[in-house]
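**Q** heads up, no residue letters with this:
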């Protein structure tokens, strides 16, 4: 009888997976395991409270110090002979695994700063690294410490009485846990309500599985989906043998030290099972997928290696019972893996695909939003607030930008050649492209534009008098030459403001947007029904903001207000314009008007910095009005979103910190914050309405393969909801391809 078959006959260990994933809570102990439990002396050993340890680690600024003290405590109690104080086998086992992970090493270069969290999705320990750069050895050390904690956690949830388990039980449990991970595919798929269809649903389901899988080592994977092409692909970070457990259970010998070869075999088997887990789950949860590609990779200190590259089809996995014992080597070989089945270890191979392959990432997804002729079906049209895709546009210069890209192939070093190329580009082109091309021709002829292809392309896109004048005004403003900045900005604006090309008319409006998320929110929440929105140049908005700032600096609040209001009209979702208008209103002696403008800003804001700055300014206004609780609530919300450098950027803010910080010795609870805001009619940003619009728009944009819009809106949604599954969806959206 094999070790697996013997274990199946023992209640506590043989039913490991059912208990591990929570499908069976009462597992009877019988036979040898029950006798071992009866013979143990739990009264003489302490118990390991992992929930308390998790809380302590989460609250600590130095989690490694907490763990070092735990190891020292276990070792000290194990060395003493006092009855009732001996550590349990689980405590001893955890301490040993932490020691194996080099926890007690004191080299500061190998001790990164981490925070310990337990994501709601898996409930496992996760050591979040706070450093931008980390050496490979230090990274492995963190992963090994994390695995030690999760090994203990899984043991407490898999065993009926983990404190009564012996060290042999725990080591055998680790091996069985590693061999049972594929069975989770079925359980994870069963959590989904109804079939998973469409780009968004499939990506959300795959991200959810990666975040929710309860595996002994950290699961990190990148993926792509082409739902229309019926394919998905994963690139999984494999577990290096170096971080595998230093001991193993061998029949007839008990616990032995793992050799290098034993670690390689165990890690290889586990890494193959990771591939089957994700591929099996994807085909179970997404009926429209016919193929799943999987690559197992290791990014080492000096190179990237692939250890298997397979393509699973639905027919290959349809007859496989993922909850039963698997010959994972035969299964992966059938899927196309090149394997050393004699030594049962993985070795580097050629990766058969890239996550950026056209098959997985069709270039059509990145067609220019502003230039496409596509129309939207009723569902996505309602969720995006647009019937035509181009009504989601934000780049006024898109046509000129495309013309410049196409023109680059025809430009050279002679004026004649470049003039001919520009005249050819002007024929049949949109009006703004034709005007820009003819302007560049004139500049080449009179010598004000060099025969440099890059300079010509830039002039075609951003070379009109408005752009050039505002650029010079910006340079003067940054140089603190306020008078010159205002003069140059006014000169640049004189033509468009005098001729009125950007004045709103009957049924249409000129607007400027910074992001596609802003455009969607405008379409859904701000624009009146039936309005045609045309795109104003970014320079037009910037010019009015410069004039307003300069007028405010010289004390002309009336002029400053006029231009600030126009800027907010042109860019109603611009936090910069809104904050500036509030500043102008306050300077003009209208604090209530300033507060109303900040309320409008907060009702639409989704960017953390914009929200933080909005609450910071609101805190100042509320303090001045004597609304102490509202001021404190706004200040707390600002602090939660802004870094210290932003908070102390000005003397007024420093004074506010002193006032509000001393207004109450206690921090307001979330409920108290909400009540304080409600009392002064201040929105709690981001509002539920904004979150709903961004969620609906994210789904619609991804499902309709508008990735230029979708990637931007999903990024904004992530900043609103701070959800790991949504972050996974965002990372799955490929960047714009090179064309």
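**A** Great, that's in hand. The shown structure was predicted, so the numbers you read here are calculated from the model rather than taken from an experiment. Numbering: from 1, shown residues only.
**Q** So residue 502 versus residue 429, what's the distance?
**A** Applying Cβ to Cβ, to the nearest Å, the value for residue 502 to residue 429 is 21 Å. C-betas here are computed from N, CA, C, even on glycine.
**Q** How many neighbouring residues does residue 49 have?
**A** Using other Cβ atoms under 10 Å, the number of residues around residue 49 comes to 11.
**Q** Now do the longest helix anywhere in the chain: which elements does it pack against?
**A** Among the elements of type helix in the chain, defined by DSSP state H, the one spanning the most residues is helix 260-285. Based on contacts counted as 3 or more Cβ pairs under 8 Å, 6 or more residues apart in numbering; DSSP states H and E, the elements that helix 260-285 packs against are helix 167-179, helix 184-190, helix 198-212, strand 231-237, strand 291-299, strand 304-313, helix 314-318, helix 328-334.
**Q** So for the second one, what gets flagged as buried?
**A** Just to be clear, that refers to helix 184-190. Of all the residues in helix 184-190, those buried under the rule 16 or more other Cβ atoms under 10 Å are 184, 185, 186, 187, 188, 189.
**Q** Next: the first one.
**A** Of the residues in helix 167-179, 167, 169, 170, 171, 172, 173, 174, 175, 176, 177, 178, 179 count as buried by neighbour count, 16+ other Cβ under 10 Å.
**Q** can you tell me the average pLDDT over it?
**A** Mean per-residue pLDDT for helix 167-179: 95.
**Q** What is the burial count for residue 513?
**A** 27.
**Q** How much space separates it from residue 573?
**A** 6 Å.
**Q** Can you check which residues contact both of these two?
**A** By Cβ atoms under 8 Å, 6 or more residues apart in numbering, residue 513 and residue 573 have these common neighbours: 519, 522.
**Q** ok, back up a step: so residue 502 and residue 429 - more neighbours on which side?
**A** The neighbour comparison of residue 502 against residue 429 (other Cβ under 10 Å) goes to residue 502, with 21 against 17.
**Q** what about the spatially closest residue to that one that is not a sequence neighbour, neighbour count?
**A** Counting by Cβ to Cβ, 6 or more residues apart in numbering, residue 510 is the residue found nearest to residue 502 once chain neighbours are left out, at 4.3 Å. Here the neighbour count serves as a burial measure; for residue 510 (other Cβ under 10 Å) it reads 19.
**Q** same check, this time on residue 453
**A** Other residues near residue 453 number 18, with proximity taken as other Cβ under 10 Å.
**Q** mind listing what it touches?
**A** Applying Cβ under 8 Å, 6+ apart, the residues contacting residue 453 are 408, 411, 412, 418.
**Q** coming back round to it: out of the helices and strands packed on helix 260-285, which comes closest to residue 669?
**A** Of all those, the one in closest proximity to residue 669, counting by Cβ to Cβ, is helix 198-212 (28.7 Å).
**Q** List the contacts of the closest one.
**A** With contacts defined as Cβ under 8 Å, 6+ apart, helix 198-212 is touched by 119, 121-122, 185, 188, 191-192, 196, 219-221, 223, 225, 227, 232, 234, 278, 281-282, 285-286, 288-289, 698-699, 702-703, 705, 724-729, 732-733.
**Q** got the contact list for residue 730?
**A** Applying Cβ under 8 Å, 6+ apart, we find residue 730 in contact with 711, 714, 715, 718.
**Q** now the last one: how far from residue 200?
**A** It refers to residue 718. Taking Cβ to Cβ as the measure, residue 718 falls 14 Å from residue 200.
**Q** how far off strand 231-237 does the one helix or strand residue 728 maps to point, in degrees?
**A** Residue 728 is located in helix 724-732, with elements delineated by DSSP states H and E. Between helix 724-732 and strand 231-237, the angle comes out at 110 degrees (axes from the mean of the first three to the mean of the last three Cα atoms, to 10 degrees).
**Q** For helix 724-732, list every residue counted as buried.
**A** Taking 16+ other Cβ under 10 Å as the neighbour-count basis, helix 724-732 is seen to contain the buried residues 724, 725, 726, 727, 728, 729, 730, 732.
**Q** Can you lay out the residues you listed as a markdown table showing pLDDT and distance to residue 469?
**A** Putting the buried residues of helix 724-732 into a markdown table (pLDDT from 0 to 100; distance: Cβ to Cβ, whole Å) gives the following:
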| residue | pLDDT | distance to residue 469 |
| --- | --- | --- |
| 724 | 96 | 47 |
| 725 | 97 | 47 |
| 726 | 98 | 42 |
| 727 | 97 | 42 |
| 728 | 98 | 45 |
| 729 | 98 | 42 |
| 730 | 98 | 38 |
| 732 | 98 | 43 |
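**Q** Tell me the one of the residues you listed nearest residue 338?
**A** The nearest member of the buried residues of helix 724-732 to residue 338, counting by Cβ to Cβ, is residue 732 at 26.9 Å.
**Q** pretty sure that closest one contacts residue 223?
**A** Yes. At 5.3 Å, residue 732 counts as touching residue 223 under the criterion of Cβ atoms under 8 Å.
**Q** Please give the element, helix or strand, for the closest residue to residue 124 other than its chain neighbours.
**A** Nearest residue to residue 124, sequence neighbours excluded (Cβ to Cβ, 6+ apart): residue 150, at 5.0 Å. For residue 150, the enclosing helix or strand under DSSP H and E is helix 136-158.
**Q** ok and that helix relative to helix 167-179, angle-wise?
**A** For helix 136-158 against helix 167-179, the angle by the same axes, to 10 degrees is 110 degrees.
**Q** Begin at 46, not 1, for the rest of this chat.
**A** Renumbered: residue one is now 46, and that last one reads helix 181-203.
**Q** To what extent is residue 205 buried, counted in neighbours?
**A** Residue 205: 19 neighbours (other Cβ under 10 Å).
**Q** secondary structure class for it?
**A** Using DSSP: H, G, I helix; E, B strand; the rest coil as the criterion, the local structure at residue 205 reads coil.
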